[in-house]
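# got a sequence here, can you model it:
(chains A, B and C)
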Amino acid sequence: MLEVRRLSKRFGGLLALSSVSFDVGEGDVFGIIGPNGAGKTTLFSCLVGALRPTSGQVRFRGERIDRLSNPAVVKRGIVRTHQIVRPFRAMSVTENVAVAAYFGAGRRRGADAERRVRDVLERTALADVSGASAATLTIGQLKRLEIARALATEPRVICLDEVMGGLNPAEIVGAMNLIRAIRDSGVTVLMIEHHVHAVVGVSNRILVLNFGETIAEGAPQEVLRNPAVVAAYLGDDVRTEGD
Amino acid sequence: MKIAARLLWLAAAIFALAAPLFLERGSLNDLWNLAFAVILASAWNLLGGFAGQVSLGYSAFLGIGAYTTVLLSLKDVNPFVTLPLGALLAAVFSVVIGLPAFRLRGPYFTIATIGVAEAVRVCASTVEFTGGSSGVRMPAASFDFNTNYFAMIALAIVTVALAAWVKNSAFGVALAAIKQDIDAAEAVGVNSTRFKLAAHALSAAIVGVAGGLYAIDFQYIAPASVFDFRLSLSIVLMPIIGGVGTVAGPLFGALIVNTLQIKLLSMPALRDSFLFVYGGLLIVVMLFEPQGFVGVGRRLRRLVHA
Amino acid sequence: MTSVLLNTLLAAGLYATMAYGLAIIYGVMRIINLAHAGVMMLGAYVAFALFTRFALDPFVSLVVVAPLFFLFGVVLYAAIGRRVAGAGATPSIESLLVLFGVWLVLQNFAYVIWTGDTQSILTAYTMKSIKVLGVRLGVPSVFVFLASVASLVFLNVLLKRTYLGKAIRAVTQNRDAALLYGVNANRISAVAFGLGSAFAGVAGAMLATLMAFTPDFGRSFLLKAFCIIVLGGMESVTGVAVGALVLAALENGLAAWTPVPTSLQDAVSFALLFVALVAFPQGLPGLFARFERRSAIR
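Next up is the predicted model:
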């Protein structure tokens, strides 16, 4: 469904992504891990058109999308959340999500849009703060708002960028359940995460990046046993039980 | 909108339309001026207030509308027929500028608009076919005060209604999202360039028509008057003082600035101080209440309710 | 050809002085200082006042003008600049408009004191010219060039050799890192504002020797100054100098070799500003930069 071929991104003298290639199948939960600065967020930015890749191709359901703008990619069904949340602070939770419902792939209007917004807010447990201003939310709620907004665009693929950052263990479990629910609703998930247990617990494939390059790709168990991955990122003391 | 507010708007509109029945020419002139100010302020607010893109170059659109009307009238076209043409030209020009300029963020966009407006003024002063720096005059007998008055009031009503409609539409939601965080807006599918261009074109068209009406009323236009930077400045000042991003803000701003202008001009000692006043107001508003008059009103209301 | 080259050089010196005042304030505080035009205008009038009251030669008066406007800048910063210093990556609209307001106030101030009549400074040498390399150059223009070079050299020394200068460069390049290293943001900002105003005042005083002026006159120069810092980037004195040269070359080249009338020259500068803003967001140096600063991750 999503094919990435030799994707590279250069910023002046810095090569942030170097010939990264992978495939994502429909219904996958595709995890992306790696040290800080490995290029993970840059990868997402290139996928959704927020950044233009220096070279390489991205194909989505057969169509080349690497030269499209962010809004155009969103309209085709791929959306991302931001690692550092970017809510519309002067708007309420409902209004934040409404923007996405109006202008995302779903292009809803009127009562139809309202229904969609309510639905998404329930799924992300934000229904009881729907009228609150985004400026008053806690970090956990803001993270859920990022996800809610992305979901409201009715994507086929959602790219979650470290949604578990800063969450306590209970919240992490909740996030994992949400991700499973998103997958079950028919949306393919890509997720960047540092919580290795969490990633392993929900993903069926994992990509490991370091210094912009792929150092491993495959099923979670294989990847975690890969010596290069252990050396670069994991260290020796990692449990692979889902948590 | 609440019923009381709606009734107020209706009453104001009716008052303005019926005014020639009971007001003298002098007061009607004042109303005409006020309507003109309201049109400019509300139109600018579509892009500047709703979408947050501050343009200091709106005199260009006013001038384009004015010149279109005069030059075509001199070729025996009915002045009122020239108005939609002026609007169209202004809108087209706004797109031509906007396509490159909207790649710029925030203040850089603002500076680019200053540059463009100045370039337009200089060109108009130099080129012969626009009459050079001495300007052009409307053909005689093209002026009928009542028609012109109604046209201006009608345009004012239409503009404010349009602003209200935009604010409550999906278009308005997109603009608000763009204003707050353009990248986040794009990340959820808002094609920011398209919406910015649309708001720009819409407001430019309205200002273009107002320019045409101005030309019909004043009969004589020159680059120094219609392309003047100070005009761009007062167009921006009104919605900012009144409250950007709201429908009522530009009206309050127009009222405040207009009244100030009249008061200042009538006092010989203060006649030359309008720059002090404009500048001072701008400083005070930006430092203490960027939401302007409407913002102050909201704060007071919160104090009362607390 | 030599004539064009020399005239370009003379103009570039003045332009660079004019632009640097703007660049330093932007670099340190991320504020676009529209009051720059007003300060330049005030510089012209102060030189004029010193000339008419005390018969002080305008170039000699630069010695007075510079510190006077430095002080002015610091005071202005304390009163207003502090509240609007841009924290984010892009300057705020509020700061733009506040300084715009200051510009208007300064204009009115000048109108009230000196009226809107056109003024000029006529010294014994205003009309004289000398021959350099076979080209006739106005004496004031040459003095202006020399004064510009002197001030830019001074600036360069300040930036490279003093702690203050290094702090300014550090904050310009990476504000957060500089703050972490113990740079006092407030003091640096005040100094930057002071320096910026000083340069603006000096540029204005110099302009006063070259042309007649009214309280309205800063605007086209302001736009030229922007054009220069957009073209040249604002990381260094060299960058600004390059930008100034490009603009001066374009203007003089157009005047000498094309039929574009001088009255349209300003329009050309504005068009260049527009093009520069859109096409070279990092300035010309950015085009050749090997190490671009990584833009904010989106």
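
# and the closest residue to chain C within chain A, how far from residue A:92?
Going by C-beta to the nearest C-beta, chain C is nearest to residue A:12 of chain A, at 3.1 Å. For the C-beta atoms, the positions are set from N, CA and C on the backbone; glycine is no exception. Separation of residue A:12 from residue A:92 (C-beta to C-beta, to the nearest Å): 40 Å.

# just residue A:16 next, same as before
Residue A:16 sits 36 Å away from residue A:92, going by C-beta to C-beta.

# quick one, which of the two is more surrounded?
residue A:16 (23 against 17; other C-beta atoms under 10 Å in any protein chain shown).

# what number of residues lie near the closest residue to residue C:33 other than its chain neighbours?
Once flanking residues are discounted, residue C:33 sits nearest to residue C:25: 4.7 Å by C-beta to C-beta, 6 or more residues apart in numbering or on different chains. The number of residues packed near residue C:25 is 29, by other C-beta under 10 Å.

# repeat for residue B:213
Residue B:213 has 27 nearby residues by other C-beta under 10 Å.

# which parts of chain A sit against chain C?
A:11, A:12, A:13, A:14, A:41, A:42, A:45, A:50, A:51, A:70, A:83 (C-beta under 8 Å from any C-beta of the partner chain).

# is the fourth one in a bridge, and if so with what?
Per DSSP bridges, residues listed as beta-bridge partners of residue A:14: residue A:11.

# low-confidence bits of the chain, can you list those?
Picking chain A for this. Scanning chain A for pLDDT under 70 picks out the ranges A:235-243.

# oops, chain C please
C:85-91, C:234-235, C:262-263, C:280-298.

# downstream of the host helix or strand of residue B:71, the next helix or strand is which one?
Using DSSP states H and E, residue B:71 sits in helix B:59-73. Counting by DSSP H and E, the next helix or strand C-terminal to helix B:59-73 is helix B:79-101.

# what about that next one and chain A, any contact?
No - using C-beta under 8 Å from any C-beta, we find that helix B:79-101 stays clear of chain A, coming within 14.2 Å at best.

# what residues does the stretch 151-300 of chain B put near chain A?
Checking the stretch 151-300 of chain B against chain A by C-beta under 8 Å from any C-beta, the hits are B:170, B:173-174, B:176-177, B:180-181, B:183-192.

# which of the residues you listed are buried?
B:170, B:173-174, B:176-177, B:180-181, B:184-192 (16 or more other C-beta atoms under 10 Å in any protein chain shown).

# give me the subset of these lying in helices.
Using DSSP state H, the subset of these located in helices is B:170, B:173, B:174, B:176, B:177, B:180, B:184, B:185, B:186, B:187, B:192.

# list the contacts of residue A:30.
Contact analysis of residue A:30 by C-beta atoms under 8 Å, 6 or more residues apart in numbering or on different chains lists A:22, A:24, A:188, A:189, A:190, A:191, A:203, A:204, A:205, A:206, A:207.

# ChimeraX command to pick out the buried ones of those residues?
Selection of the buried residues among those in ChimeraX, burial being defined by 16+ other C-beta under 10 Å:
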select /A:22,24,188,189,190,191,203,205,206,207
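
# closest to chain B among the contacts of residue A:30?
residue A:190 (14.8 Å).

# so which residues of the stretch 101-250 of chain B form strands?
All strands of the stretch 101-250 of chain B, identified by DSSP state E, counting those that start in this stretch, fall at B:136-137, B:220-221.

# out of these, which is closest to residue B:109?
Closest approach to residue B:109 among the strands of the stretch 101-250 of chain B (C-beta to C-beta): strand B:220-221, 27.6 Å.

# tell me which other helices or strands the closest one touches.
helix B:59-73, strand B:136-137 (3 or more C-beta pairs under 8 Å, 6 or more residues apart in numbering or on different chains; DSSP states H and E).

# show me the contact partners of the last one.
The contact list for strand B:136-137, computed with C-beta under 8 Å, 6+ apart, reads B:67, B:70, B:71, B:74, B:130, B:219, B:220, B:221, B:222.

# in TSV, list the residues you listed along with neighbour count.
What follows is these, written out as TSV (neighbours: other C-beta atoms under 10 Å in any protein chain shown):
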residue	neighbour count
B:67	26
B:70	29
B:71	18
B:74	14
B:130	19
B:219	14
B:220	12
B:221	25
B:222	20
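
# by pLDDT, rank the residues you listed and give me the bottom one.
In terms of pLDDT, residue B:130 ranks lowest among the contacts of strand B:136-137, with 74.

# quick one, what contacts it?
B:67, B:71, B:124, B:136, B:223.

# now for those residues: which two are most distant?
Farthest pair in the contacts of residue B:130 (C-beta to C-beta) is B:71 and B:223. Separation: 13.4 Å.
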